[in-house]
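Novice: Take a look and give me a structure for this.
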Amino acid sequence: MKKGFSRYILRPFKKNKVVLFSFVSLIISLIVLAQILFWISFQNKTIVSYSQDRSLKKKTEDFDIRMEIPVRSDGQRNCWQQEDGSWGSQYDIFIYNKEKYPFVDWSLTMTVPQNSRIDSSWNGEYSQSEGFLYVKGEPTALNLTVMPGDNIKIGFVMYTQELMQSSDFILTGRFLRTPLKDKFFITALSLNIFFLLLLIVSLILYYMIQRQADKDDQRILSLLKLCASFIDVRDEYTKMHSAHVAEYSKKIAEALGYDEDFQKNIYYMGMMHDVGKVLISREILCKTDKLDSLEWQEMKEHTTYGAGILAGFTDVPGIQEAALYHHERWDGKGYVRGLRGKEIPLQARIICVADSYDAMHTDRSYRKRLSDQQILEEFEKGKGTQFDPEIAETMIKLLKENALEKNLEN
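Specialist: I've put the predicted structure just below:
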């Protein structure tokens with residue numbers, strides 16, 4: 001049951017090119033999407049660094065860092081000169097994020113005059129070494145993240161020998177890239193959605209068409225079984241012969257590695273291989289004695305009659321040839337055309353072996369059935385003369401495994 005279910009699930013991927021294409025494309029696009037997500041995750045962990053010198057000649061397009069001395073309410077800049085000639089001033093630093101992603105875990109390094117001293121500071125964690133000032137975001141100031149298109153402000157009061165007019169800056173941190181703002185991710189996601197929808201639609205259409213095809217197959221099979229029953233009732237010794245040949249032919253085709261469509265069609269061909277016998281007199285079909293030459297010539301005509309009956313039956317390609325040539329021999333001594341080797345259609349060669357097995361395996365009006373050992377010996381003897389050697393060898397293997405009778409039981 002599990003095997004049948006798996007075959008049912010996998011069948012559209014083998015039979016329908018659109019289903020297979022959409023499935024493969026979906027898998028590829030999923031892999032690409034996963035790689036993009038991995039790349040975004042890697043980029044989010046990567047520390048980046050931006051520098052801006054005081055001349056503004058070296059300036060990044062992603063950030064703009066500005067230092068200002070704010071103006072007091074009296075219109076004067078908020079700076080003053082001490083009695084010893086040094087200067088005290090308030091400095092406001094603005095960090096502008098011109099990128100489209102948030103900037104986090106940032107830290108700012110800036111140059112300051114020698115012997116400078118910070119008196120007070122806000123909106124950051126500050127530390128200082130000779131000639132440098134280091135600032136990090138502060139959780140309580142809610143400025144750990146610089147949002148895209150926005151800015152944060154930090155500031156401090158510093159005493160220096162001379163008023164500080166500009167500085168060199170180095171800004172480090174990480175961008176938090178969100179997948180939905182990444183054009184490559186959006187493209188890959190769109191392709192995933194497209195191929196998923198294509199797969200769903202193609203599967204629905206496939207199963208709708210397949211359901212109708214299965215109904216058509218049932219109608220064809222019912223019709224062929226009805227026709228086969230007309231053949232079988234004319235000779236009690238060959239009752240169920242057509243059904244047996246159909247089953248054996250399908251089993252041989254399966255063992256040879258042919259696909260389900262081939263197996264289905266050769267089953268239909270097996271059902272109809274002797275349809276021409278409906279035009280053969282019952283006296284000839286049921287005669288217990290050896291047929292005379294005229295009767296034998298008439299019996300051989302059943303292949304031609306069958307091909308004529310099936311000439312307009314186009315639902316099963318090759319069924320006419322199977323009926324016409326299933327008594328041809330590998331060595332060219334068969335009838336009706338004396339074809340040899342691979343001149344004989346493949347389906348006719350398979351049905352020839354299946355037909356011969358059922359004839360030997362069942363009682364006939366002119367003899368009793370042969371033993372299993374005798375049947376094996378006949379196939380060994382007939383390889384390369386009466387039968388296609390590859391097909392005969394396959395039949396011998398199936399007989400030794402008792403696979404044909406198991407197939408009938410199932």
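
Novice: Flag the shaky bits of the chain, pLDDT-wise.
Specialist: Low-confidence segments of the chain, defined by pLDDT under 70: 1-8, 55-60, 232-239, 364-367, 405-410.

Novice: same thing but 80
Specialist: Low-confidence regions of the chain, defined by pLDDT under 80, span residues 1-11, 13-15, 54-61, 140-142, 221, 223-239, 288, 363-367, 403-410.

Novice: show me where the stretch 1-150 of the chain has strands.
Specialist: For the stretch 1-150 of the chain, applying DSSP state E, counting those that start in this stretch gives strands covering 48-52, 63-68, 79-81, 87-97, 103-111, 117-122, 125-129, 132-136, 145-146.

Novice: Columns mean neighbour count and distance to Ile193 on top of these, output as TSV?
Specialist: Where you see a C-beta, it was placed from the backbone N, CA and C, and this is true even at glycine. Formatted as TSV, the strands of the stretch 1-150 of the chain follow (neighbours: other C-beta atoms under 10 Å; distance: least, C-beta to C-beta, whole Å):
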stretch	mean neighbour count	distance to Ile193
strand 48-52	16	32
strand 63-68	17	35
strand 79-81	14	59
strand 87-97	19	31
strand 103-111	18	30
strand 117-122	13	48
strand 125-129	13	45
strand 132-136	18	42
strand 145-146	20	31
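
Novice: Let me have the ones you listed in a markdown table, adding distance to Leu279 as columns.
Specialist: Rendered in a markdown table, the data for these read as follows (distance: least, C-beta to C-beta, whole Å):
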| stretch | distance to Leu279 |
| --- | --- |
| strand 48-52 | 89 |
| strand 63-68 | 95 |
| strand 79-81 | 120 |
| strand 87-97 | 92 |
| strand 103-111 | 90 |
| strand 117-122 | 109 |
| strand 125-129 | 104 |
| strand 132-136 | 101 |
| strand 145-146 | 91 |
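
Novice: quick one, which of these is nearest to Met269?
Specialist: Using C-beta to C-beta as the measure, strand 48-52 is the one of those that comes nearest Met269, at 71.7 Å.

Novice: can you give me the offset of that closest one from its chain's centre?
Specialist: Computed by C-alpha atoms, centre = their mean, to the nearest Å, the separation of strand 48-52 from the middle of its chain amounts to 46 Å.

Novice: State the paired neighbours of it in the sheet, together with their directions.
Specialist: Strand 48-52 has its sheet partners listed here by DSSP bridges as strand 169-175 (antiparallel).

Novice: residues of the strand it pairs with that come out buried?
Specialist: Of the residues in strand 169-175, those buried by neighbour count under the rule 16 or more other C-beta atoms under 10 Å are Phe169, Ile170, Leu171, Gly173, Arg174, Phe175.
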